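**Q** Sequence first, predicted model second:
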Amino acid sequence: MTSCRHAGDPPEPRPSWRAILRRLVFALLIVGLLVAYGSSYTVREQHGVIVTQFGKPVQVRTTPGLYAKWPWPIEQVHTIDMRYRYHNPPFTETFTRDRKNVVMLTYAVWRVADPLLFFQSLGRPEEAEQKLDGIVTASKNFHMGNYALSALVSTVAGEIQTPEIERRILESVQRPMTNEFGIAVEQVGVKRIAYPEENMEAVLEQMRAERRSEAGELRARGTKEAEAIRNEGMVEAGRIVRTAREEAGEIVGRAEKEAAEILAKAHQPDPDFYRFWRSMRGIRNTLGAQSMLVLRSDQDPFGELFKHVPREAIPLKPVAEPGIPALSGAPASSDAAGAGSAGSQDNPSPDSEQAP
């Protein structure tokens, strides 16, 4: 709301010199703060600062702290982020040594190593990642031409060479990025592998062939081990049989030796009785209830029956069997005597002579 002065109003009081001084000090303080703010800058941790004077770099600071400079527009501060960055280059198709087309997605870990060179060559992280995409893709295409598809995908662990491929790509990328753009590439790796539709059947067939080869090796190894086990079993069985036969032979030998000793002990006390007893057992085992034999009386086993009998006690005329004429005259032969004696013992006749 504005005030209106009239002709009769008294004049307004002028501000005192103290109020003017306070206002002047306050204004100078604000101007000083602005000048101090424009004449200093701060370097943060893991950052770099480029100070340019009328667009020309004059200072490079990487140590954290507070520094002074000429105010704008004389000098200007450009901050560079030197922390690690993770970047995914785009999908690219690559030909392998065996002319297989494979799509590889790689990743790269990088940081700014030389802030001044980075500021002069690129200036922005987006520009650096574009350069990194081109160099990584070129290096990947070059080195994959020296490796077959099995170096990336295989069921045999020894054929996988992905770490070696990553190392070669990293070595070929590090030098140009550091020397030309001031960027240190710390790691390059394969993140994902894909295949175009036309190569899927070839990849699957390769995997089948590797599986068949591995299965054949396993079968051959199993057959070899089974044959070795069978051979060992046969050798062990033969050894056991030989040992058993040797033990059986020893047992039979000891038994025969013991039997011979027993027979010898049984024969020693009375050899004549022993022979007689054996002859009697032979007769009992030979003749049955209805058996008929014609044997000599002076030979075993009937020899023992007539060995101690005088010749005069043997009847000269054998008992005639029904239907057989009796012999007369000359003395009977030893066979007839044996038969007659056997018959006379089984069926004695009242006319036969008795031994005294």
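**A** Right, received. Where do you want to start?
**Q** can we go C-alpha only for contacts and neighbour counts from here?
**A** OK.
**Q** pLDDT at the residue nearest the centre of the chain, what is it?
**A** In the chain, the residue lying closest to the centroid (CA atoms, centre = their mean) is L218, at 11.6 Å. Looking at L218, its pLDDT stands at 90.
**Q** next one: A228
**A** Reported pLDDT at A228 in the predicted model: 91.
**Q** That one sits in which helix or strand?
**A** When secondary structure is defined using DSSP states H and E, the element that contains A228 is helix 197-267.
**Q** I'd like the next helix or strand past that helix.
**A** Scanning the chain past helix 197-267 towards its C-terminal end, the next helix or strand to appear is helix 271-286 (assignment: DSSP H and E).
**Q** relative orientation of that following helix and helix 197-267 in degrees?
**A** In terms of direction (axes from the mean of the first three to the mean of the last three CA atoms, to 10 degrees), helix 271-286 departs from helix 197-267 by 130 degrees.
**Q** Helix 271-286: which residues count as buried?
**A** Of the residues in helix 271-286, those buried under the neighbour-count criterion (16 or more other CA atoms under 10 Å) are F276, S279, M280.
**Q** tell me the mean pLDDT over it?
**A** When the per-residue pLDDT values of helix 271-286 are averaged, the result is 75.
**Q** before we move on, what about stretch 174-181?
**A** The predicted confidence, averaged over stretch 174-181, sits at 89.
**Q** swap in stretch 92-112?
**A** Within the predicted structure, the mean pLDDT of stretch 92-112 is 83.
**Q** Please work out which residues outside it touch it.
**A** Residues from elsewhere that reach stretch 92-112, judged by CA atoms under 8 Å, 6 or more residues apart in numbering: 81-91, 118, 137, 140-141, 144-149, 182-196, 199.
**Q** Which of those residues are buried? Put it as a ChimeraX command.
**A** Command for ChimeraX that selects the buried part of the contacts of stretch 92-112, burial taken from 16+ other CA under 10 Å:
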select :81,82,88,89,118,137,140,141,144,145,147,148,149,182,183,184,185,187,188,189,190,195
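**Q** Which members of the contacts of stretch 92-112 are positioned in helices?
**A** F118, T137, K140, N141, M144, N199 (DSSP state H).
**Q** Now do the first one against E126, distance only.
**A** For F118, the distance to E126 (CA to CA, to the nearest Å) stands at 12 Å.
**Q** Please apply the same query to the second one.
**A** Counting by CA to CA, the gap from T137 to E126 is 17 Å.
**Q** How about the fifth one?
**A** The gap separating M144 from E126 is 27 Å, by CA to CA.
**Q** Quick check: T106 is in a strand.
**A** Yes. Counting by DSSP: H, G, I helix; E, B strand; the rest coil, T106 falls inside a strand.
**Q** Does it have any beta-bridge partners, and if so which?
**A** With DSSP bridges applied, T106 shows beta-bridge pairing to V190.
**Q** What helix or strand is I50 located in?
**A** Secondary structure assignment for I50, by DSSP H and E: strand 47-53.
**Q** swap that for R18, sorry
**A** When secondary structure is defined using DSSP H and E, the element that contains R18 is helix 17-38.
**Q** Show me what the helix or strand following that helix is packed up against.
**A** Downstream of helix 17-38, the next assigned helix or strand under DSSP H and E is strand 40-43. The helices and strands touching strand 40-43, judged by 3 or more CA pairs under 8 Å, 6 or more residues apart in numbering; DSSP states H and E, are strand 65-68.
**Q** Touching the strand it packs on from outside, list them.
**A** When contacts are defined by CA under 8 Å, 6+ apart, strand 65-68 is touched by residues S39, S40, Y41, T42, V43, R44.
**Q** W110 belongs to a strand?
**A** Yes. Counting by three-state DSSP, W110 is part of a strand.
**Q** Spit out the contact partners of the closest residue to it other than its chain neighbours.
**A** Nearest in space to W110, with sequence neighbours left out and distances taken as CA to CA, 6 or more residues apart in numbering, is V185 at 4.3 Å. By CA under 8 Å, 6+ apart, the residues touching V185 are A108, V109, W110, R111, L170, V173, Q174, M177, T178.
**Q** Alright, calling it a day.
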